[in-house]
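[1] I'd like to go over a predicted model; first the sequence, then the structure.
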Amino acid sequence: MSNALPRTIDGRAFAREGLAIHGRLGAEALPRLAASGAATDGFEFAIRGGRSAQGKDCLRIEARGAVEMPCQRCLAAARVGIDVDTELELADSEEEIAAADDDVDRALATPAMPVATLVEDEILLALPMVPRHAECAAPGSRDDAVASPFAALGALRRVH
């Protein structure tokens, strides 16, 4: 994160004043992303404060970048584009978040909300559950691959 960017924001004040910040987070600012097995050069991001359609304080978080994750078919690195655009309604307590009975995304409003953590949370939520190339050969699908020992048993079964 650039030195000019704040490390934290006061969520309520940021939303009420309609403030905005933008910048770039490098891989070093996203430790949980690295721990998930995803590698990245970083993400461009923006956070804007404002009001939701329901009139509540909210933060709009946008992030754009790419990660490399192991393809679940061939296990080679697969490049996955990530494009986040999320609105988080600010809540006053964890109880308020837990009691909500709707599909609105919420975050606990505090006077020191970490910018990198807010962005990283949304990037982690956008990661694919099963990363894979659009087309790739699965391990063992090559012509020179060793045949399955069960293939011979299958042939015997068809004979009898």
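    That came in fine, so what should we check first?
[2] all contacts plus neighbour counts: C-alpha atoms, from now on.
    Fine.
[3] all helices for the chain, in order.
    11-16, 31-35, 94-99, 115-126, 149-159 (DSSP state H).
[4] chain center to the third one, what's the gap?
    Between the mean C-alpha location of helix 94-99 and the chain-wide mean there is a distance of 23 Å, by Cα atoms, centre = their mean, to the nearest Å.
[5] Over to the shortest one?
    Relative to its chain's centre, helix 31-35 lies at 11 Å (Cα atoms, centre = their mean).
[6] Any regions of the protein where pLDDT drops low?
    Judged by pLDDT under 70, the chain has its weakly predicted residues at 1-4, 137-149, 152-156, 159-160.
[7] right, and the helices of the chain - which one's nearest Val80?
    Nearest to Val80, of all those, is helix 115-126, at 10.4 Å by Cα to Cα.
[8] what's that closest one in contact with?
    Residues outside helix 115-126 that contact it (Cα atoms under 8 Å, 6 or more residues apart in numbering) are 1, 6-9, 25, 29-30, 32-33, 45, 61-63, 82-84, 86.
[9] what do you get for stretch 30-40?
    Contacts of stretch 30-40 (Cα under 8 Å, 6+ apart): 26-27, 65-70, 116-117, 120, 123-124.
[10] Mind putting the residues you listed into TSV with neighbour count?
    Shown next, in TSV, are the contacts of stretch 30-40 (neighbours: other Cα atoms under 10 Å):
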residue	neighbour count
Gly26	16
Ala27	17
Gly65	18
Ala66	19
Val67	21
Glu68	17
Met69	22
Pro70	18
Ala116	19
Thr117	16
Glu120	20
Ile123	24
Leu124	16
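[11] quick one: which of those residues is nearest Arg157?
    Using Cα to Cα, the contacts of stretch 30-40 come closest to Arg157 at Pro70, 37.3 Å.
[12] separation between the closest one and Ala39?
    10 Å (Cα to Cα, to the nearest Å).
[13] on that earlier part again, give me the buried entries from the contacts of helix 115-126.
    Buried subset of these (neighbour count, 16 or more other Cα atoms under 10 Å): 1, 9, 25, 29-30, 33, 45, 61-63, 82-84.
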